[in-house]
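Visitor: My questions are about this predicted structure, shown below with the sequence.
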Amino acid sequence: MNITIRTVRWLAAIASCGAILLPGTALAASAASAAPARPAPHAPAPGCETPGLVIWLDTNGKVTTGNAFYNLQFTNLSGHTCTLNGFPFVTAASLTGSQLGRRAAFDRTTTPRSVTLKEGATVKAVLQIEDVSNIPPAKCKPVTAAGLRVFPPNQTSAKVVPFPFGACSASKPVFLLVQPVTK
């Protein structure tokens, strides 16, 4: 193969172009690797579903004239972090599981906030139970409830918490009041 001056000049031109392009490519590559990584958007934990929660009543409540206040507890045993936000639906339940009286009214003096529960964590909702002996019997139709039927916030299935207490079987008087779930 004969190498001519023209071939040498052509190879020199190609080499010089490569020498010019290589530093630019190297700079772009190092700039891309030196750029701070953007954190992935934080996805919120899924809602706590009823089967993954243990719902129980802390019976060391506070009793005042005419009312008792208990912490309705929600313990996450789902195996993953989850969230609750809002008010639980609470009703008095008979031995057969049927609803007695009206469901608990929502105590709107506290604003609901999203609460994240890690595995094993517990949060509460304060439940107020009125002493039904203070409600006229004809209006209340007093009975003894076998427990509470509790729907966690934003869930369509409930769990029954055994807890006998005085309840109204009539549909008019409100004798239960519940606050939103909090830490």
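Guide: Looks like it came in fine.

Visitor: pretty sure residue 91 is touching residue 97, no?
Guide: No: taking contacts as CB atoms under 8 Å, residue 91 lies outside contact range of residue 97: 10.3 Å. Any C-beta I mention is one placed from the backbone N, CA and C, and that applies to glycine too.

Visitor: Now the common contact residues for these two.
Guide: residue 149 (CB atoms under 8 Å, 6 or more residues apart in numbering).

Visitor: In terms of neighbours, single out the busier of these two.
Guide: residue 91 (21 against 11; other CB atoms under 10 Å).

Visitor: Find the nearest non-adjacent residue to residue 103, please.
Guide: Nearest non-adjacent residue to residue 103, counting by CB to CB, 6 or more residues apart in numbering: residue 91, 4.6 Å away.

Visitor: who touches the one you found in this structure?
Guide: 99-104, 148-149, 176.

Visitor: For the longest strand anywhere in the chain, C-alpha coordinates in PDB please.
Guide: For the chain, the longest strand by residue count, based on DSSP state E, is strand 53-64. Taking Å, rounded to 0.1, in the frame of the first residue of the first chain, the C-alpha atoms of strand 53-64 are listed here in PDB:
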ATOM      1  CA  LEU A  53     -56.100  -4.000  61.400                       C
ATOM      2  CA  VAL A  54     -56.800  -5.100  64.900                       C
ATOM      3  CA  ILE A  55     -59.500  -2.800  66.300                       C
ATOM      4  CA  TRP A  56     -59.900  -2.700  70.000                       C
ATOM      5  CA  LEU A  57     -61.200  -0.500  72.800                       C
ATOM      6  CA  ASP A  58     -59.000   0.800  75.600                       C
ATOM      7  CA  THR A  59     -61.400   0.500  78.500                       C
ATOM      8  CA  ASN A  60     -59.300   2.700  80.700                       C
ATOM      9  CA  GLY A  61     -61.500   5.600  79.700                       C
ATOM     10  CA  LYS A  62     -62.500   8.800  81.300                       C
ATOM     11  CA  VAL A  63     -66.000   8.900  82.800                       C
ATOM     12  CA  THR A  64     -67.800  12.200  83.500                       C
END
